[in-house]
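coords below, sequence missing:
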């Protein structure tokens, strides 16, 4: 910005007036300087820190959100998508191409490393999505309680030394239908098209999400809220089973007790959207 052409005090003006006028000139110059200064760019907020441990859940994904357009990948690889709260800025500093180290909460000594290739809008803060191949490295379930941390670059690996002592591994007994003692609910299943809901989070219809009926939803916040809970869903006449995350409420006039409103992606795991209505059986995970 060039020099300001401000009027000069008139010769012969009393000294007191000159002082006041000079102060006004300085104030005007200061204000104009601030207005002309370029706005500083906001720093990137919400990005995972290296070697900081996060506790959340791992689920699987098979759709592209295109948050890392410069990275080519295949769902046949062990890859990861990080929740939007810790992913960073899509157009600034983010986790694209970084690596995360993951372990089961009940088996923290065994770790697995995944390259970050995308964002997960439907994930809770501290949770991540893994490719099915990546998920199968440590679990056959569709959701697992995990711990993970950002390690930046891919850590070097070495072949483990062969064991010379005989060991035995205890095998836990499977629970019926994978639900254990979880209470099972039944009701109608429909689909919805919103991208924001009563839980206050944005989501995509390509995410595995659900709107829970108003009667069973409870409060929208606090310990009684079902926001962020996971539900395992089956449909009568279909062999598929999916796990969806509660992000919204389906009003009573549309969904009676036991009914669920599924995202398009979740509904299509069972049938085409033209089916309209499914008979569901579900339980909280």
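Now that the structure is in, tell me what you want to look at. Here the structure is a predicted model, which means the values were calculated and not measured. Residues are numbered from 1 along each chain as shown.

switch to C-alpha atoms for all contacts and neighbour counts from now on
Noted.

check contacts around the residue lying closest to residue 251 once chain neighbours are set aside.
The shortest distance from residue 251 to any residue other than its chain neighbours is 5.3 Å, reached at residue 214 (C-alpha to C-alpha, 6 or more residues apart in numbering). By C-alpha atoms under 8 Å, 6 or more residues apart in numbering, the contact list for residue 214 reads 249-252, 255-257.

Which members of the residues you listed are classed as buried?
Applying a neighbour-count criterion of 16 or more other C-alpha atoms under 10 Å, the buried members of the contacts of residue 214 are 249-250, 255-257.

Mind checking which of these are in strands?
With DSSP state E as the criterion, strands contain 249-250 from among the buried ones among the contacts of residue 214.

Of the buried ones among the contacts of residue 214, which is the nearest to residue 278?
residue 255 (12.7 Å; C-alpha to C-alpha).

And the strands in the stretch 1-150 of the chain?
Taking DSSP state E, counting those that start in this stretch to define them, one finds strands in the stretch 1-150 of the chain at 53-60, 79-83, 99-104, 107-120, 128-130, 143-152.

do you know which of the ones you listed lies nearest residue 228?
Judged by C-alpha to C-alpha, the one of the strands of the stretch 1-150 of the chain that comes nearest to residue 228 is strand 53-60, at 10.8 Å.

just to revisit the earlier point, any chance of the buried ones among the contacts of residue 214 in CSV with pLDDT and distance to residue 83 as columns?
Formatted as CSV, the entries for these read as follows, by pLDDT from 0 to 100; distance: C-alpha to C-alpha, whole Å:
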residue, pLDDT, distance to residue 83
249, 90, 22
250, 91, 24
255, 93, 29
256, 93, 31
257, 94, 31
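
who touches the closest residue to residue 198 other than its chain neighbours in this structure?
With sequence-adjacent residues excluded and distances taken as C-alpha to C-alpha, 6+ apart, residue 198 is closest to residue 248, at 4.9 Å. Applying C-alpha under 8 Å, 6+ apart, we find residue 248 in contact with 196-199, 210-212, 227.

tell me the two of these that are most distant?
Of all pairs drawn from the contacts of residue 248, the greatest distance, 13.8 Å, lies between 196 and 212 (C-alpha to C-alpha).

which residues of this structure score low on pLDDT?
1-45, 152-181, 219-224 (pLDDT under 70).

What ranges does it have for its helices?
Under the criterion DSSP state H, the chain carries helices at the ranges 15-36, 84-87, 132-135, 214-217, 264-267.

Sitting in strands, which of the contacts of residue 248 do you find?
Using DSSP E, the contacts of residue 248 in strands are 210-212.

I'd like the domain boundaries of the protein, if you could list them.
Under the assignment named as automatic domain parsing, the residue ranges that make up the domains of the chain are 53-152, 181-284.
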